[in-house]
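Undergrad: Sharing a sequence plus its predicted fold:
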Amino acid sequence: MSIRNSPLIAPRGRWLSPMGRDERLWVGMTVVWALAMFVMMQLIWPRIGEVQTTIRSFRVDPAEFGRLTEAFIAANQVGEEAGNPVVAPPPGGDVYIQAARYQFRPHVRLVAGETYTFHISSVDVQHGFSLQPDNVNFQVLPGYVTQIDLTPRAAGAYTLICNEYCGTGHHLMLGGIEVVE
C-alpha cells in the first residue's frame, strides 16, 4: 500500500471545510431541540404528567411463590368463578397473582381508590401481564416476582390479558379484576 492510498492521510478536496450558514443553522436547531427535550423530560413532564407505574422485580423460588399464592387465596377467598377462586384482599393490602399456562389465578375484587401491592409470578413459562383498560403492561417470568403498586380509580371490570405467546392455549389466557366502590 502506497502512502497516497493510506487511510491515515486526509483525502484531497473540500470535505473538511467550515460549515456553511445553512448547516450551522440546522446543527444549532438540533442542539436547541435536544436541550429543550432534555429539560422537558427531566423537569417539566414529571411535575405535570402522571408518573408511570413503578415496577420492582426480584428472584423467587416458584414453589415458594405458589405457597404464598395459596395462602393468600385461603385467607381472602370470597367465591369462585369458572373454577378460579375470587379473592377480596383488605384495602391497601398485598395481592398475589400466579400466571400459569392459560390462566391467571386468582380473580381479584378490589375497592376503588385504594392502593394495592401486586406480586405476580409465573410457574412455567414467560407470560405477559396487560391490565385493560388501564394499559399496564409488563412481562412475567418464572423464577421472578414482579411487584407493582396499583390504585384502581373507577369501579368496573378490568381484564388481564397475557400478551406474550405461551403456548397453544395462549388466546384463552385471561384473568379478571373487579373493582367495587
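TA: Yep, it's here.
Undergrad: Show me where the protein has its strands.
TA: Assigned by DSSP state E, the strands in the chain fall at 55-59, 77-81, 84-87, 94-100, 103-105, 107-111, 116-122, 127-132, 136-140, 144-150, 156-161, 174-180.
Undergrad: Among the ones you listed, which comes closest to residue 25?
TA: For the strands of the chain, proximity to residue 25 was assessed by CB to CB; strand 136-140 is nearest, at 40.8 Å. (Each C-beta comes from the backbone N, C-alpha and C, glycine too.)
Undergrad: so what secondary structure elements neighbour the closest one?
TA: strand 116-122, strand 127-132, strand 144-150 (3 or more CB pairs under 8 Å, 6 or more residues apart in numbering; DSSP states H and E).
Undergrad: before we move on, the earlier item: among the strands of the chain, which comes closest to residue 65?
TA: Nearest of those (CB to CB): strand 116-122, 4.5 Å.
Undergrad: CA atoms only for the closest one - export them in CSV, please.
TA: Coordinates of each C-alpha in strand 116-122 appear next as CSV, following Å, rounded to 0.1, in the frame of the first residue of the first chain:
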residue,chain,number,x,y,z
TYR,A,116,-52.7,-2.4,46.5
THR,A,117,-49.3,-4.0,46.0
PHE,A,118,-49.5,-6.7,43.4
HIS,A,119,-47.0,-9.6,43.4
ILE,A,120,-47.1,-11.5,40.1
SER,A,121,-45.0,-14.5,39.0
SER,A,122,-45.1,-17.4,36.5
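Undergrad: Flag the helix or strand of this protein with the lowest per-element mean pLDDT.
TA: helix 45-48 (a mean of 79; mean pLDDT, DSSP states H and E).
Undergrad: What are the contacting residues of that helix?
TA: Outside of helix 45-48, no residue comes within contact range by CB atoms under 8 Å, 6 or more residues apart in numbering.
Undergrad: For that helix, what is the distance to the chain centroid?
TA: Centroid separation for helix 45-48 versus its chain: 20 Å, with CA atoms, centre = their mean, to the nearest Å.
Undergrad: next one: stretch 102-119
TA: Distance, stretch centre to chain centre, for stretch 102-119: 16 Å (CA atoms, centre = their mean).
Undergrad: Compute the first-to-last residue distance for it.
TA: 18 Å (CA to CA, to the nearest Å).
Undergrad: Flag every buried residue along stretch 168-181.
TA: 170, 173, 175, 176, 177, 178, 179 (16 or more other CB atoms under 10 Å).
Undergrad: The fifth one: what's it in contact with?
TA: So that's residue 177. For residue 177, the contact set (CB under 8 Å, 6+ apart) comprises 107, 108, 109, 110, 131, 152, 157, 158, 159, 160.
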